[in-house]
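Asks: pasting the sequence and the predicted model now:
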Amino acid sequence: MKTKIIIALGIISTAINFSFAGTIHVVATTQDTRSIAELIGGNKIDVFAIATGYQNPHFVDPKPSYIIKLANADLYITLGLDLESGWSPSLLVSSKNTKIQKGSDGYIDASIGVTLMQVPSSINRSEGDIHAFGNPHYWLDPTNGKTIARNICNGLEKISPENKDFFEANLKTFDAQIDLKLKAWTTAMLSFKGAKVIAYHNEWCYFENRFGLKIVDFMEPKPGIPPTPSQLVKIIKEVKENSIKVIITSPYFTASSSDVVSKQTGAKTLILATSVGAFDSIKNYYDLFDYNIKLLVGALK
Amino acid sequence: MYSKNSFLFFILFICIKVQAQTDSIKSDSLLLLQIQNEMQQQQTPPPQQRVGASANPDISVIGDFQGLYRSYGTHNADALLNEAELSVQSVVDPYARADFFYSVGEDRLTGRFSGAIEEGYLSTLSLPAHLQLKAGRFKQAVGRVNPTHAHALPFIDLPDAYVNFFGEEGLKGDGLSLTWLLPNHTFFQELTIEASSVAESPSFERSNKNNYLYLAHLKNFWDLSANATIELGLSAITGENLVKKTTNIGALDLTYKWKPIRYNTYKSVTFQNELYYSQAMLDSTKVNALGFYSMLSVQVAERLFLAGRFDYSNNPYSVKFVQESGSLTLGWHATEFQKIELEGKYTTMNQGLMENSYEKKFVMAYLRWIFVIGTHGAHTY
């Protein structure tokens, strides 16, 4: 009896080992790259995302518990462009995982190939939090999602070439789905082309550019500097002068200053989703734009 | 005949109308398509060349300007540039990275500046089995305060126990440090083993023989929830003391942090504690000394922090000496690169010391202005 139990346990253990042997362990810095990676990698990968969807990706605490995930990862996906500079490099070094260090096959910079916006000609911190490589919120343009997907697909193919056809087929489906959805999103936004809005933080330029909005000003007087009374006075004046209907903000900013402007002007504060998982209904990268477009269309009518 | 013509005319009218509507729909569709195409394809911003590709290391300078008041002495108010720290950090090659911190400080008594390499070490990036080797001069991996540079601490003065056991400059030395990330998938565990020629500190002396300072530190970390974490560190240190005999120190650090993920830039709480238990072998006696501090820091607003701390400490060579103090620090963080802090501290001792004009009860107040230029690496969690 004892021998049978040992043999059974051995078989189960072997079966478990085999079932996990082929799975590629991926760590993504954000929920957006997690979602796209899952759509490309399918059941060949498992993905852990560090930042939650309702968290400011600039300010993530590099908790040691994340290091365990990185230490056992085959692939690391970063949005790059200094977006995660306050936490990603220290986590990578602490992981002591040679497979995912910058320059290794397991390191994917999702921004490669993206046409960047707001690339500064010089860096001066008197202008606030300026990103040396350009505005890093590029995933908020769905066409850039296709570039991200291409980069992830390339990375997956490098470490799992035997699944190349599978990843390529998923990429093709993803691209087609984005093209299809983009038509619906742009059609929904057609009537509001050029609509003027106020944004809390300078993180919507790619979204603005894609869907034809016009951001007039920001609640923050400079990127990363909290709204000041004089800035609020300026914003209230601009909202009234331009008949602006909407102030767009993000889940991780408090609404106190936006509410002041709303009360004074009647403009509506919209908390748009900056990432997958920002709200319960946003399960994947497509949902992110479905949610934001629906909210904007409702408010701009 | 009339009705037949009318009927044909009606049919013709309908055909024209339908054709016109079809043309209109076609025209609308074309317009829609045109606008869609415009929004989908012509919105591409002008390509901009990527900047920043450079092999230069990250360089920063951190200024630490301080004002100080003491309730004793004749010259009891002062202002000084306490420290200017130059950091140069970069990856060396695919196998290693290097970090240098050069500190220039002002002597409070003489006003003279002197510089020293605070830290300068190479860390490997490619050892197998989750190992990392550090070689050079570095701060020893004991507790929470010692590995942290002073400008990043939530208080201005250092805890009494820390100063009494390790000195104002802390425990640092030249040597090797090997870190191993334990294969524990349930919670984070990291073991650090160090051997070094230690710089002078109250507990340890730099030996003129082959007697090095040896240290082992086990760091344990748990996520209690998405918003709360706890860290427990255990350290053991052994080295030569000022009478050329051995001092052994056991240290424990316990830190609880709460920070709501969604609003993590607005609110946080840190409860941090460290305890040192020292056993110093002297010529004919053995001294068991104790020191600890307990600190609670609360982020009361987006840029405002309040920290209270209680300190208790013996001297590593005298258990009869007891120093206790309470302090409160208010910090305003303008940005990530600039903060101003104000601290008040009340201290009692059972023995007066020369450096405190033999006062047994005294008050100290500090003002600190920290400012950073350049690119400075992130601090550990």
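Replies: Received, thanks. Residues are numbered from 1 along each chain as shown, chains lettered A, B, ... in the order given.
Asks: which stretches of the chain have low pLDDT?
Replies: Using chain A here. Along chain A, the model assigns pLDDT under 70 to residues A:1-21.
Asks: nope, chain B please
Replies: Looking at chain B by pLDDT under 70, you get B:1-54, B:378.
Asks: and the contacts of the helix or strand encompassing B:T179?
Replies: Assigned by DSSP states H and E, B:T179 falls within strand B:172-181. Applying Cβ atoms under 8 Å, 6 or more residues apart in numbering or on different chains, the external contacts of strand B:172-181 come out as A:67-68, A:71, A:94-96, B:118-119, B:121, B:129-141, B:146, B:189-199, B:206, B:212-213. Bear in mind the C-beta positions are built from the backbone N, C-alpha and C, glycine included.
Asks: now for the longest helix along chain A, which elements pack on it?
Replies: Counting by DSSP state H, the longest helix found in chain A is helix A:164-189. If you count contacts as 3 or more Cβ pairs under 8 Å, 6 or more residues apart in numbering or on different chains; DSSP states H and E, helix A:164-189 packs onto helix A:31-41, helix A:142-159, helix A:205-211, helix A:285-300, helix B:2-41.
Asks: for A:V297, see how far away A:F279 is.
Replies: According to Cβ to Cβ, to the nearest Å, A:F279 and A:V297 sit 17 Å apart.
Asks: typed the wrong thing, it's B:K209
Replies: From B:K209 to A:V297 the distance is 79 Å (Cβ to Cβ).
Asks: in terms of neighbours, single out the busier of these two.
Replies: Between B:K209 and A:V297, counting by other Cβ atoms under 10 Å in any protein chain shown, A:V297 is the more crowded of the two (14 against 7).
Asks: wait, the more buried one touches A:L190, no?
Replies: No: in this structure, A:V297 is not within contact of A:L190 by Cβ atoms under 8 Å, at 10.0 Å.
Asks: dump the residue contacts of the residue most central in space within chain A.
Replies: For chain A, the residue nearest the mean C-alpha position is A:D32 (4.1 Å; Cα atoms, centre = their mean). Under the criterion of Cβ under 8 Å, 6+ apart, the contact list for A:D32 reads A:L79, A:W139, A:G145, A:I148, A:S275, A:V276, A:Y285, A:L288.
Asks: nearest residue to it other than its sequence neighbours?
Replies: Nearest non-adjacent residue to A:D32, counting by Cβ to Cβ, 6 or more residues apart in numbering or on different chains: A:W139, 4.8 Å away.
Asks: now swap in A:A49 and tell me
Replies: A:R34 (3.7 Å).
Asks: do you know how far B:N208 is from A:I108?
Replies: Distance from B:N208 to A:I108, by Cβ to Cβ: 53 Å.
Asks: the more surrounded of the two?
Replies: A:I108 (27 against 8).
Asks: that one contacts A:L75, doesn't it?
Replies: Yes: counting by Cβ under 8 Å, A:I108 sits close enough to A:L75 to count as a contact (6.5 Å).
Asks: show me the common contact partners of these two, please.
Replies: Common neighbours of A:I108 and A:L75 (Cβ under 8 Å, 6+ apart) are A:G155.
Asks: picking up where we left off before, C-terminal to the strand holding B:T179, which secondary structure element comes first?
Replies: Next along from strand B:172-181, by DSSP H and E: strand B:188-198.
Asks: is that following strand anywhere near chain A?
Replies: Yes: Strand B:188-198 reaches chain A (Cβ under 8 Å from any Cβ of the partner chain) through B:F188, B:E190.
Asks: so for that strand, what gets flagged as buried?
Replies: Within strand B:188-198, the residues that count as buried by 16 or more other Cβ atoms under 10 Å in any protein chain shown are B:F188, B:Q189, B:E190, B:T192, B:E194, B:S196, B:V198.
Asks: just send those residues back as a markdown table, with distance to A:I236 too.
Replies: Output for the buried residues of strand B:188-198, formatted as a markdown table (distance: Cβ to Cβ, whole Å):
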| residue | distance to A:I236 |
| --- | --- |
| B:F188 | 48 |
| B:Q189 | 54 |
| B:E190 | 52 |
| B:T192 | 55 |
| B:E194 | 59 |
| B:S196 | 61 |
| B:V198 | 61 |
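Asks: next, give phi and psi for whatever residue of the stretch 201-350 of chain B ends up closest to chain A.
Replies: Chain A sits closest to B:F221 of the stretch 201-350 of chain B, with a gap of 4.1 Å, by Cβ to the nearest Cβ. For B:F221, the backbone dihedrals are phi -140, psi 130 (criterion: degrees, to the nearest 10).
Asks: what residues are bridge-paired with it?
Replies: B:F188, B:E231 (DSSP bridges).
Asks: interface residues of the stretch 201-350 of chain B facing chain A?
Replies: So the stretch 201-350 of chain B meets chain A at B:219, B:221-223, B:226, B:229, B:231, B:259, B:261-266, B:302-303, B:335-337 (Cβ under 8 Å from any Cβ).
Asks: of these, just the buried ones, ChimeraX syntax please.
Replies: To isolate the buried ones among those in ChimeraX, judged by 16+ other Cβ under 10 Å, type:
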select /B:219,221,229,231,259,261,262,263,264,265,266,335,337
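Asks: and A:L288, what does it touch?
Replies: Contacts of A:L288 by Cβ under 8 Å, 6+ apart are A:D32, A:A273, A:S275, A:V276, A:A278, A:I282.
Asks: quick check: the gap between the first one and A:G145.
Replies: Distance, A:D32 to A:G145, using Cβ to Cβ: 8 Å.
Asks: next: the second one.
Replies: Here the distance between A:A273 and A:G145 works out to 14 Å (Cβ to Cβ).
Asks: ok, the two, which is more surrounded?
Replies: Ranked by neighbour count (other Cβ under 10 Å), A:A273 and A:G145 place A:G145 first, with 28 against 23.
Asks: hmm, who's touching the helix or strand containing B:S90?
Replies: Secondary structure assigned from DSSP H and E places B:S90 in strand B:77-93. Applying Cβ under 8 Å, 6+ apart, the contact partners of strand B:77-93 are A:102, B:56-70, B:97-106, B:108, B:111, B:118, B:122, B:125, B:149-151, B:368, B:374, B:376-377.
Asks: right, I'll call it a day here.
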